[in-house]
Structure formats: C-alpha cells, structure tokens
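1. Can you look at this prediction? I've put the sequence above it.
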Amino acid sequence: MTAILKLQNLKKAFGAVTVADNQSYEVQRGEALGILGPNGAGKTSMFNLITGTLKANSGRIEFAGKDISGWSAARRSHAGIARSFQVPQPFSGMTVFENAMIAATQSAGLHGHAAEAHCIEVLEQTELMGKANVLAGSLTLLERKRLELTRALCTKPDLLLLDEIAGGLTEAECQSLIHTIKDIHASGVTIIWIEHVVHALLSVVDRLIVVDFGKLIADGDPKAIMESPQVKEIYLGIEADA
Amino acid sequence: MTTPTYSVTRSSQAARVGAALGGLVLILLIAAPWWAGRADMRLMGELFLYLALASLWNLMAGYAGLVSVGQQAYVGFGGYMLFALTMFGGLHPVAAIALAGVLGALISIPVAVLIFRLRGAYFAIGTWVIAEVFRLGFAQISTLGGGSGSSLPVAIVRSLASKRALRESLSYWLALGAAVLVITAVYFFLRSRKGLALTAIRDNETAASSLGIDIWRTKFIVYVVTSAFTAMIGALIFLQKLRISPDAAFSVNDWTAFVIFIVVIGGIGTIEGPIIGTLVFFLLRETLADLGTTYLIVLGVVAIVVMLKAPKGLWGLIRSRFDIQIFPLGYRVIKRNPS
C-alpha cells in the first residue's frame, strides 16, 4: 500500500488555543479512517488544514507524493481532495443539479454532456435525483447533508473528507447514509470521517484516530482503541452502542 | 422494473417566448430613427447606456460580490480617453471608443491588485477613493481643459457623419448596440463554465473554493472585464454629451448611485433585474424630474420600499410568483420513464 496523505509535524494555533499540536500520520490509499474526539479537539481544523481552508503555522502535508502545504484550497480540490462541511454550505440560489454541476465542471474539469451524465450518476447514488430541480436553499437537513456528499463526489475525489455527516439524522436515515458511504469506499475512494455517531463510524472505518486538544492520543485498530482506558475516559458517558 | 432515464435542458418556454419578443422589440428599436422624434431618441440612447452600466455593475457586485461605488472612475476615464485619442491621437471616434476599452482594462489591473486587498465596506470606500484620485488626476491635465473641462471639436463630431440627422441616428445605434452587446456578453459569460463558477461565488465563497474555484482570479477577471466595458460606455456617454469636465465625468451620483438604484430595485444578481430597474428609473425620472429635489426624495423612498417589500428586487418578486427566467442560465433535469 502507498500513502495517499502524509502529515508531518503539523502545527496550527489561534493565539493560545492549539488546534493542531505537532500532528503526524499517514493515510494509505483505499483506507477508511475514522477521527474521534470531543468538541473543540481540533477535528474540523484538521480538515481545514488538509483542504487548505486554513494554512498551518508549520509542518508539511503531502498528497499523492507531492508537497501541497502551500497550495490553495482550489488547487487541492483539483488534485483530488474533496470534503463535506459539518454545517452544510449549499449554493442556496441554485438547484441541486446546478450545485453538482459546479463540482463536476470546476473541480473534476468535465465538460458538457460528460459533466451532466456524471452529476446524474452521483445524484442517483446519493438518492437526491428526485430533488434535482429544487433550489438547494429549500432542502431539509438530511438532503443538505446528501448534497454535501453529492458535490464532494462530483469532484471525482481520490480522498474524501466527511465532517459529521451523520449528525442529527434519524436511525433510518443514518443507515441509508452508511450504505452509501460503504459503496463509495468500495469504489476505491480513500475516506477520512469525523463522526460523533460512533456506531455509524465503526461500521465503516478500518482504522481510528483519537484527537484531544489538537494532539493525536490514539491511532490504530478501532476495537482496541474503543476499549482503551484513555479513550473511555475522554468519552466517559458516551457508549459505542454498535 | 423500469429505470428512468434523464435528460438535461437549458431552455424553457418563457425563454423562447422572451427571445421572440425580445427580437421583435430589438427590430423596432433599430428602426427608431424612422419612427421616433429627436428628443425620444436621445432619451432612449441615454436609457441604453444606463442599461449597459447597470448590467455591468450587476455582474460585478451581484455575482462577484465586488460592491464598488467607484465605477465612475472608468466612466470618466473612458470619456477622457475618447477626447484625448480623437483630439491628440487623430483617431476616429468609434476606434477611440474601442481603444478606451482596452486602456480601461489595462488601468484596472493595477487598481484591482491594490483594492482587492480590501474587503466589504473597505473595498467600497477604496473604490470611491480611487475614483476621486482619477478625478483629481484628470483635473491636472491642462491640455484636456484642467478643472473646467473641454468640448469635442466640431471636426471630430463631423467625422462621425456630416449630416446631423445621420449623426444622431448613429449615436443612437451605438448606444443600442452597446446595451445589446453588454447584455449578450453577460448572458453568455454566465452560461459558461466561468459563469457557473461566478454564480457559485455569489452564493457561497467557502464552498466555491473547496470545489476548485479560484476566487481571486475569477473576481479579478470580472473586475477587469467590467471596467473595460464601463470605460467604453463612458466614451460613448461623452460622445453624446460632446463636453467633458472632471466633475461630470467622475460623478458618483450619475454613474454609480443611480446605477446602484437601478440594479437594487430591479433585482441584483439576475440579468433581468437591471432591465426592469432601468425602465422604472427612467419612468420615474421622466415623470418626476420637474419636481427638482422632490424627485430625489421619491427615488429614495422607492428604493427603501422596494428593499423592504421585495429584498430581491422587482424581478425577484415576479420570479417568486411565477418561477420564470427570461434568460435561462440554469439547468433543468427532465425525467423520462421508458414505456
């Protein structure tokens, strides 16, 4: 296996608050990695650093063998990194289909009918086809989350970052989302997934990283990590009810 | 089990009807010199130039989020370029208009690099300051009349056409042509890939950049292109006025405040908005202009009422009722169930 993503001594602080404290880890191509940690631990910041929305104070990020530390968010998107936002960020004045078309034409670089066909394919996969002509601003929460996923997939990513995509969904909605994510992973896309809905996370990922105060405090087999006293302490009161 | 197939269309019934009607209106307007009086043609010429300015400002502010209150910098710059290029360069007025556009694009590049460091309200104020710098700069050029300005020599005016009637028709057609050119250019630009990127920026910059859109570059292109066209419109405006002075050329009231009024009441961020806004503005102006300052108060009241009752402008109000688009920019997915 080859590493698709490599973080080396990544540091980011906002004044006294450190959101990434010397983080180093690798993600292998085809892996599904879960990220756990309490609120404010620096999980979303980690995604912002990887996608280029935030610039690190120091350290290095490599993607597919290239140093992308200085790259803009747009360039990283072209290179094959896609994300869903924890708080959905739809293009509210455009339809669901147009939202998808932006990802397909701008990031994946598709043209005309190829772009349209790709969007239709992804919208069917994410079960949003019925809403294709609806303005994104009028979608429900689940639909907005699916739109986040749709847009990310329309960029034809190699690495997909999912930020609490199952949060706030009913059990049935969650199950259907897990099914979709498993399909995406099976198609060869590397996934990093931040999630508080632990049973959903554990049903997909094959490796887990736990973050607290910007530090990696555990990294490895999900089952072993969920059993470790350190993680139980952080998650005191939160049970993995998978 | 049948699987539906999908097709994507970018047109609509309203758009086809709109295009047919638009074509008809355009033919009528082109024929105006044969049916309209001199005063009406002058008025319509002015209307077309405002329509062009408003469509450009709408592209820049409504789509790219560049809320500039300093586009009078380019109106005035274009006007002065027309005078300088014809008087000292010996160019034909139409060639001077085209070259004013090129020069407008060139000068907007360093301006963009400078003011793109500013955001929001600071950007707006920055653009105004730049326009004032332009005004003060041109007031220093004594060969162009300094602070009091200058008139276009008769020989240059005659070079357009020797007969007055033909000259007036030509000037009218240039204004009509400019408006049609600008609206067509905006329409095709917004339908293109770059236009899709720009519409995404209009709605959400964070999401746009994470989907591969280079925000700075897209805004930069829009700023330079709108500034170039604005300079050309400015040259045309002062070809009609035949006289230029720094205060008239760089007037924030005439070239920006009224333009913002038009776009806001018509519906910002739509192609149709500036068209409706221009018609409303001229309707108000022609019926109320005799009232003096009261006219400006009425304009203000109209702007406030529209903003409160229809925040997306008059076109936004119509669109929310009927869901139509005369200029189809969007995509519609049509489901076909195999029988």
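-> Nice, I can see it.
2. all contacts plus neighbour counts: C-alpha atoms, from now on.
-> OK.
3. what secondary structure does the residue of chain B found nearest chain A sit in?
-> Nearest residue of chain B to chain A (C-alpha to the nearest C-alpha) works out as residue B:212 at 3.7 Å. With DSSP: H, G, I helix; E, B strand; the rest coil as the basis, residue B:212 sits in coil.
4. State the number of residues packed around it.
-> Counted with other C-alpha atoms under 10 Å in any protein chain shown, residues neighbouring residue B:212 total 29.
5. now the one 5 residues further on
-> Neighbour count of residue B:217, defined by other C-alpha under 10 Å: 10.
6. what pLDDT does the residue lying closest to residue B:328 once chain neighbours are set aside get?
-> Residue nearest to residue B:328 in three dimensions, not counting chain neighbours: residue B:11, with 5.8 Å by C-alpha to C-alpha, 6 or more residues apart in numbering or on different chains. Note for residue B:11: predicted pLDDT of 82.
7. Spell out which parts of the stretch 51-200 of chain B neighbour chain A.
-> Neighbours of chain A within the stretch 51-200 of chain B, by C-alpha under 8 Å from any C-alpha of the partner chain: B:193, B:196-197, B:200.
8. What residues does chain A have near chain B?
-> Listed as neighbours of chain B in chain A under the rule C-alpha under 8 Å from any C-alpha: A:51, A:53, A:73-78, A:82-83, A:89-94, A:97-98, A:102-103, A:105-107, A:116, A:120, A:132-133, A:151-152, A:155.
9. Could you check how many residues crowd around the nearest residue in space to residue A:67 that is not next to it in sequence?
-> Nearest residue to residue A:67, sequence neighbours excluded (C-alpha to C-alpha, 6+ apart): residue A:61, at 5.9 Å. By other C-alpha under 10 Å, the residues close to residue A:61 number 25.
10. and residue A:61, that one's in a strand?
-> Yes: per three-state DSSP, residue A:61 lies within a strand segment.
11. For it, give me its contacts.
-> A:5-8, A:10, A:50, A:67-69 (C-alpha atoms under 8 Å, 6 or more residues apart in numbering or on different chains).
12. Turn the residues you listed into a markdown table, including pLDDT.
-> What follows is the contacts of residue A:61, written out as a markdown table (pLDDT from 0 to 100):
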| residue | pLDDT |
| --- | --- |
| A:5 | 94 |
| A:6 | 94 |
| A:7 | 93 |
| A:8 | 92 |
| A:10 | 92 |
| A:50 | 95 |
| A:67 | 95 |
| A:68 | 94 |
| A:69 | 93 |
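13. Restricted to helices, list these.
-> Per DSSP state H, helices hold the following members of the contacts of residue A:61: residue A:50.
14. Adding neighbour count, write the contacts of residue A:61 out as TSV.
-> Below are the contacts of residue A:61 laid out as TSV (neighbours: other C-alpha atoms under 10 Å in any protein chain shown):
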residue	neighbour count
A:5	21
A:6	19
A:7	20
A:8	15
A:10	22
A:50	27
A:67	14
A:68	19
A:69	21
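15. Include distance to residue B:164 when you put the contacts of residue A:61 into CSV, please.
-> Shown next, in CSV, are those (distance: C-alpha to C-alpha, whole Å):
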residue, distance to residue B:164
A:5, 72
A:6, 74
A:7, 74
A:8, 76
A:10, 74
A:50, 67
A:67, 68
A:68, 65
A:69, 65
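16. for the contacts of residue A:61, which one is nearest chain B?
-> residue A:50 (11.0 Å).
17. Setting aside sequence neighbours, what's the nearest residue to the closest one?
-> Closest residue to residue A:50 apart from its sequence neighbours, by C-alpha to C-alpha, 6+ apart: residue A:61 at 7.2 Å.
18. For residue 35, what are phi and psi?
-> Here I'm looking at chain A. Note on residue A:35: its backbone torsions stand at phi -120, psi 130 [degrees, to the nearest 10].
19. sorry, should have said chain B
-> phi -130, psi -20.
20. Equivalent analysis for the one 5 residues further on, please.
-> In terms of degrees, to the nearest 10, the main-chain angles of residue B:40 are phi -60, psi -40.
21. and it, how far is that from residue B:33?
-> Distance from residue B:40 to residue B:33, counting by C-alpha to C-alpha, to the nearest Å: 10 Å.
22. Counting neighbours, go ahead and name the busier of those two.
-> Shown here are residue B:40 and residue B:33; by other C-alpha under 10 Å, residue B:33 has more neighbours (19 against 13).
23. Report the secondary structure state of that one.
-> helix.
24. wait, doesn't it sit right on residue B:39?
-> No: checked against C-alpha atoms under 8 Å, the pair residue B:33 and residue B:39 is beyond contact range at 11.0 Å.
25. Mutual contacts of those two, please.
-> Contacts common to residue B:33 and residue B:39, judged by C-alpha under 8 Å, 6+ apart, are absent.
26. So for residue B:339, what's the pLDDT?
-> With respect to pLDDT, residue B:339 scores 57.
27. what sits against residue 150?
-> Just so you know, I chose chain A. With C-alpha under 8 Å, 6+ apart, residue A:150 has these contacts: A:100, A:122-123, A:126.
28. please go with chain B instead
-> Residue B:150 touches B:144, B:243-245, counting by C-alpha under 8 Å, 6+ apart.
29. what's the neighbour count on residue B:126?
-> 22.
30. Specify the local secondary structure of it.
-> With three-state DSSP as the basis, residue B:126 sits in helix.
31. Once you drop chain neighbours, what's closest to it?
-> Ranked by C-alpha to C-alpha, 6+ apart and with sequence neighbours excluded, the top spatial neighbour of residue B:126 is residue B:115, at 6.3 Å.
32. re earlier: now the contacts of residue A:150 in JSON lines, with neighbour count?
-> Converted to JSON lines, these look like this (neighbours: other C-alpha under 10 Å):
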{"residue": "A:100", "neighbour count": "30"}
{"residue": "A:122", "neighbour count": "20"}
{"residue": "A:123", "neighbour count": "25"}
{"residue": "A:126", "neighbour count": "23"}
